[in-house]
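[1] Here is a sequence with its predicted model. Questions after.
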Amino acid sequence: MLDSKIPSGPIDQKWKNRKFESNLVNPANRRKHTVIVVGTGLAGASAAATLGELGYRVKVFTFHESPRRAHSIAAQGGINAAKNYQNDGDSVYRLFYDTIKGGDFRAREANVYRLAEVSVNIIDQCVAQGVPFAREYGGTLTNRSFGGTQVSRTFYAKGQTGQQLLLGAYSSLMRQAGEKAVEIFSRSEMVDLIVSDGKARGIIARDLVTGELTSHTGDAVILATGGYGNVFFLSTNAKQSNASACWRAHKRGAYFANPCFTQIHPTCVPVSGDYQSKLTLMSESLRNDGRVWVPLKVGDKRAPGDIPENERDYFLERMYPAFGNLVPRDIASRAAKRMCDEGRGVGATGLSVYMDFRDAIQRLGKPTIAGKYGNLFEMYEKITDENPYQVPMRIFPAVHYTMGGLWVDYNLMSTIPGLFVAGEANFSDHGANRLGASALMQGLADGYFVIPYSIANYIGGTKLAPIKNDHESAKAALAESGNRLENLMKAKGSQSVDQLHRKLGKIMWDKCGMARNEAGLKEALGSIKKLKEEFTNDVRIPGDNRLNSELEKANRVADFLELGELMCLDALERKESCGGHFREEMQTPEGEALRDDKNFSHVAAWEFNGSNPKLHKEPLVFENIHLAQRSYK
């Protein structure tokens, strides 16, 4: 039975109770303990900086040449916090409610309430660091709206919010590095987890320049390595984003929760050809002022400016009048797909819809729109050679985020004692669909405010035998990692890693993407099994073990193949529609997701068991929010 370790008391007292009940570590003793942090995005950088300042010895690993290259830097639109600066009815409870409802009631109440509660501290922390949030003329912080809400709670720095937040966390991290509290290992990738006496005690890292494998031991390990959206090949994720650290931990005993919960973002630059290697996000914040529409007539190929107002279908405003263009991402994505399936898509491929700023520019003026979204408009024009001030943007849904991840309890600890998981790498806060501007909130909440208490509670309450880098468990993991990489290098096939990864991505998108069904998922499982054999026998990895990006990719794609299987199995097992998981057999007469709360109101946590994963279920108990069919109409 999975123990989520949720503290006692009313929901608004649980986090306070847990902080008071937690074990503590004397300041003089903290420097005796080593904590390993993998990943330097918002969750990893903030956790490492905070632990370093508390006095722990911290080792940080990033496969980038600098911690500030982490993918958090790509986040555009903003970060949520229940400050209620707009006096429009927001509160901690409303943010909690919106997040539970937005996730289609498939998240743990206690974790989500803590996230909402801590959100107000995040903004103060970031302002103190000098993060340049947008402000009103008088100097006060301003907000905008994001999908799934009817209040303005999103703080932002133009269209560069992730970059500015990461620079704040990075500055704190580098300060601790300068104080020798944190040691940074750049161009180093985790390739395995060291488990000794059933506890996580370190990692095996590969130097991406020299190819050398080294072991690093400590008292606790924190994985903050992001999501697994690149299993689809085409996604808005950075090309190096991968699931290997989490998958290695999974194969060492960490359960993987809700792997089929993946988010399709509705506003991305459409695919334009088979040559593409990634997709580009257009921030959800654009839906504050951009109106989404398609022609009323099927097959209408006129230029958008030639289609009169009475021949346009502003379908989100029509279908969801209460929220309009700011419905949650899963709902907006399916609606856009439905328009294209009806033959009303636009552009050369017919696989896009318009997002039009004409009315906003007329109402507010071009300088105001440029002040809000200028860098996003410039980016769009560079990619498409179309000026969104003059013609509507063309957008289409694309893989953006993964709500699934390693299972963690309330303390963010996995099923392996001593292994903590922060940010997008865990499953804990977003249910079956993440609301916009909540990823940055979760990453910083976990890193700055939750992980420090959890690490102290674990170290202060656990007997940890001394361990060195040459411990038997470390040597065994080192040898296994070396053998795995050597076996990859032995393959002398005819296909590049990207060719095989693209094949996997097509299987996943077609059969386990925006819509899934039983026949398609079973077909996908068979196709992935064959593709795994094809990968083993026919992958081509040129070069040697040193500075070899193809070897890096091969190692990651080998893990993606196994993860893809688990995602399809999880989607097949979950015979309901909820959030981003849309089973075509389970939908309302209006085409909305139809949950089955009687049979599937649980977290699906998968234990690695070779080719036969074992399913464990954590029941979801709702004591503060009434379960209901989501409605944004």
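    Nice, thanks for sending it over.
[2] From now on I want contacts and neighbour counts done on CA atoms only, so please keep to that.
    Will do.
[3] Where do the strands of the stretch 51-200 of the chain begin and end?
    Shown for the stretch 51-200 of the chain, the strands assigned by DSSP state E, counting those that start in this stretch span residues 57-61, 79-80, 154-155, 182-185, 188-196, 199-207.
[4] now, of those, which is deepest in the fold?
    Mean neighbours per residue, mean count of other CA atoms under 10 Å, is largest over the strands of the stretch 51-200 of the chain for strand 79-80, with a mean of 28.
[5] all helices of the stretch 51-200 of the chain, in order?
    92-102, 109-129, 161-178 (DSSP state H, counting those that start in this stretch).
[6] The second one packs against which elements?
    Applying 3 or more CA pairs under 8 Å, 6 or more residues apart in numbering; DSSP states H and E, one finds that helix 109-129 contacts helix 92-102, helix 161-178, helix 439-444.
[7] Adding mean neighbour count and distance to Met514, write these out as JSON lines.
    As requested, these are exported to JSON lines (neighbours: other CA atoms under 10 Å; distance: least, CA to CA, whole Å):
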{"stretch": "helix 92-102", "mean neighbour count": "23", "distance to Met514": "17"}
{"stretch": "helix 161-178", "mean neighbour count": "23", "distance to Met514": "26"}
{"stretch": "helix 439-444", "mean neighbour count": "26", "distance to Met514": "20"}
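[8] so which of these comes closest to Ser72?
    When the helices and strands packed on helix 109-129 are compared by CA to CA, helix 161-178 sits nearest Ser72, at 5.5 Å.
[9] Contacts for that closest one next, please.
    Defining contact as CA atoms under 8 Å, 6 or more residues apart in numbering, one finds that helix 161-178 is touched by 41-42, 45-46, 48-49, 52-53, 67-68, 72-79, 126, 129-133, 157, 182-184, 440.
[10] try stretch 433-445
    Outside stretch 433-445, the residues that reach it (CA under 8 Å, 6+ apart) are 42-43, 46, 72, 75, 77-81, 99, 102-104, 115, 118-119, 122, 146-148, 154, 162, 261-263, 284, 328-330, 403, 422-424, 429, 579-580.
[11] wait, is Glu317 part of a helix?
    Yes: assessed by DSSP: H, G, I helix; E, B strand; the rest coil, Glu317 belongs to a helix.
[12] For Arg338, find the nearest of the helices and strands packed on helix 109-129.
    When those are ranked by proximity to Arg338, the top entry is helix 92-102, at 20.4 Å, counting by CA to CA.
[13] count of neighbours near Asp289?
    Applying the criterion other CA atoms under 10 Å, we find 20 residues in the vicinity of Asp289.
[14] Please report how far it lies from Thr368.
    Asp289 sits 11 Å away from Thr368 when distances are taken as CA to CA, to the nearest Å.
[15] From the contacts of helix 161-178, list just the buried residues.
    Burial by neighbour count, 16 or more other CA atoms under 10 Å: within the contacts of helix 161-178 this picks out 41-42, 45-46, 48-49, 52-53, 67-68, 72-79, 126, 131-133, 157, 182-184, 440.
[16] rewinding a little: can the strands of the stretch 51-200 of the chain go into CSV with extra columns for distance to Phe608 and mean pLDDT?
    As requested, these are exported to CSV (distance: least, CA to CA, whole Å; pLDDT from 0 to 100):
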stretch, distance to Phe608, mean pLDDT
strand 57-61, 25, 98
strand 79-80, 35, 98
strand 154-155, 38, 98
strand 182-185, 29, 98
strand 188-196, 15, 98
strand 199-207, 16, 98
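[17] Of those, give the one that comes closest to Ala220.
    Ranking the strands of the stretch 51-200 of the chain by proximity to Ala220 (CA to CA) places strand 199-207 first, at 5.9 Å.
[18] Moving C-terminal from that closest one, which element do we reach first?
    Beyond strand 199-207 on the C-terminal side, the first helix or strand identified by DSSP states H and E is strand 213-217.
[19] Give me the domain ranges for the chain.
    With domains defined by automatic domain parsing, the chain comprises 266-400, 472-596.
[20] In TSV: the ones you listed, plus mean pLDDT and distance to Val450.
    Below are the domains of the chain laid out as TSV (pLDDT from 0 to 100; distance: least, CA to CA, whole Å):
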stretch	mean pLDDT	distance to Val450
domain 266-400	96	25
domain 472-596	97	26
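[21] For Ser241, find the nearest of these.
    Using CA to CA as the criterion, the shortest distance between Ser241 and the domains of the chain is 9.3 Å, found for domain 472-596.
[22] what about the helices and strands packed on helix 109-129, which gets the closest to Glu533?
    The minimum distance between Glu533 and the helices and strands packed on helix 109-129 falls on helix 439-444, with 35.8 Å, by CA to CA.
[23] could I get whichever helix or strand comes after that closest one in PDB with only the CA atoms?
    The C-terminal neighbour of helix 439-444 among helices and strands, as given by DSSP H and E, is helix 451-460. In PDB, the C-alpha atoms belonging to helix 451-460 read as follows (Å, rounded to 0.1, in the frame of the first residue of the first chain):
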ATOM      1  CA  ILE A 451      12.700  20.300  -0.300                       C
ATOM      2  CA  PRO A 452      14.700  22.000   2.500                       C
ATOM      3  CA  TYR A 453      12.200  20.700   5.100                       C
ATOM      4  CA  SER A 454      12.000  17.200   3.500                       C
ATOM      5  CA  ILE A 455      15.700  16.800   3.400                       C
ATOM      6  CA  ALA A 456      16.100  17.800   7.000                       C
ATOM      7  CA  ASN A 457      13.300  15.500   8.100                       C
ATOM      8  CA  TYR A 458      14.800  12.500   6.200                       C
ATOM      9  CA  ILE A 459      18.500  13.100   7.300                       C
ATOM     10  CA  GLY A 460      17.400  14.000  10.900                       C
END
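[24] Tell me which other helices or strands helix 451-460 touches.
    Here helix 451-460 touches helix 42-54, going by 3+ CA pairs under 8 Å, 6+ apart.
[25] For Gly159, give me the pLDDT.
    As summarised for this prediction, Gly159 has a pLDDT of 89.
[26] Near it, how many other residues are there?
    The tally of other residues near Gly159 (other CA under 10 Å) stands at 24.
[27] picking up where we left off before, okay if I get the domains of the chain as TSV plus distance to Leu234?
    Formatted as TSV, the entries for the domains of the chain read as follows, by distance: least, CA to CA, whole Å:
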stretch	distance to Leu234
domain 266-400	5
domain 472-596	7
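[28] Figure out which of these is closest to Phe256.
    Nearest to Phe256 among those is domain 472-596; the distance by CA to CA comes to 9.1 Å.
[29] now the closest one, how far from the centre of its chain.
    Using CA atoms, centre = their mean, to the nearest Å, the mean C-alpha position of domain 472-596 is found 17 Å from that of the whole chain.
[30] For it, what is the spacing between the initial and final residues?
    Counting by CA to CA, you get 48 Å between the two ends of domain 472-596.
[31] give the contact list for the residue nearest to Lys366 when sequence neighbours are not counted.
    If the residues on either side of it in the chain are set aside, Lys366 comes closest to Tyr389, at 7.7 Å by CA to CA, 6 or more residues apart in numbering. With CA under 8 Å, 6+ apart as the criterion, the residues that contact Tyr389 are Phe357, Arg358, Ile361, Lys366, Phe377.
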